[in-house]
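J.: Sequence isn't available, so here's the structure alone:
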């Protein structure tokens, strides 16, 4: 006989990890406003959001603030709270000076030297050095763990060693690499 838990009211939200969660989230943000100009774009993947703006350095903050104001009004109407302490702005440029800080809900978003978005570490000069170093360390750690299985003295067949490499090492090495 199945055991049921007691009923109780849910204040808000969707159970994390539920099968319908991603679909409900997509429906919830379906009317998120699009930027008004072609230099600013909204990039969404699940609940990771990035806003990018291109153009002259003196215009970038104005373009971002214009869209952030629009987005802020949308968030208020849908009762979405953003932790602005977790927000960052990265100014991708060779210049040393950053333009004025963009603002969301009248709070300045600090310029950062880099960020991680969808597993890719982006630095403000787009060198990808930190991303490559991090992946190199991950591969080294994986190889150390797998060494008893893939080392020369291992009795594992070459085809199984290759399978381990293709499934555990190569994905880390090639993640976000150009095709």
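T.: Cool, got the structure. No experiment lies behind these values; they were computed from the predicted model shown. Numbering: from 1, shown residues only.
J.: so how far is residue 57 from the closest residue to residue 14 other than its chain neighbours?
T.: Of all residues not flanking residue 14 in the chain, residue 21 sits nearest, at 4.7 Å (Cβ to Cβ, 6 or more residues apart in numbering). C-beta coordinates here come from the backbone N, C-alpha and C atoms, glycine included. Taking Cβ to Cβ, to the nearest Å as the criterion, residue 21 is separated from residue 57 by 39 Å.
J.: From residue 39, how far off is residue 85?
T.: Using Cβ to Cβ, one obtains 27 Å as the distance from residue 85 to residue 39.
J.: Look at those two and report which has more neighbours.
T.: A count of neighbours by other Cβ atoms under 10 Å puts residue 39 above the other of residue 85 and residue 39, at 16 against 9.
J.: Relative to residue 52, how far out is that one?
T.: Distance of residue 39 to residue 52, given as Cβ to Cβ: 9 Å.
J.: which residues in this protein form helices?
T.: Along the chain, the stretches classed as helices by DSSP state H are 21-28, 57-77, 129-150, 158-164, 170-174.
J.: Please identify the most buried of these.
T.: Mean neighbour count (mean count of other Cβ atoms under 10 Å) peaks for helix 57-77 among those, with a mean of 16.
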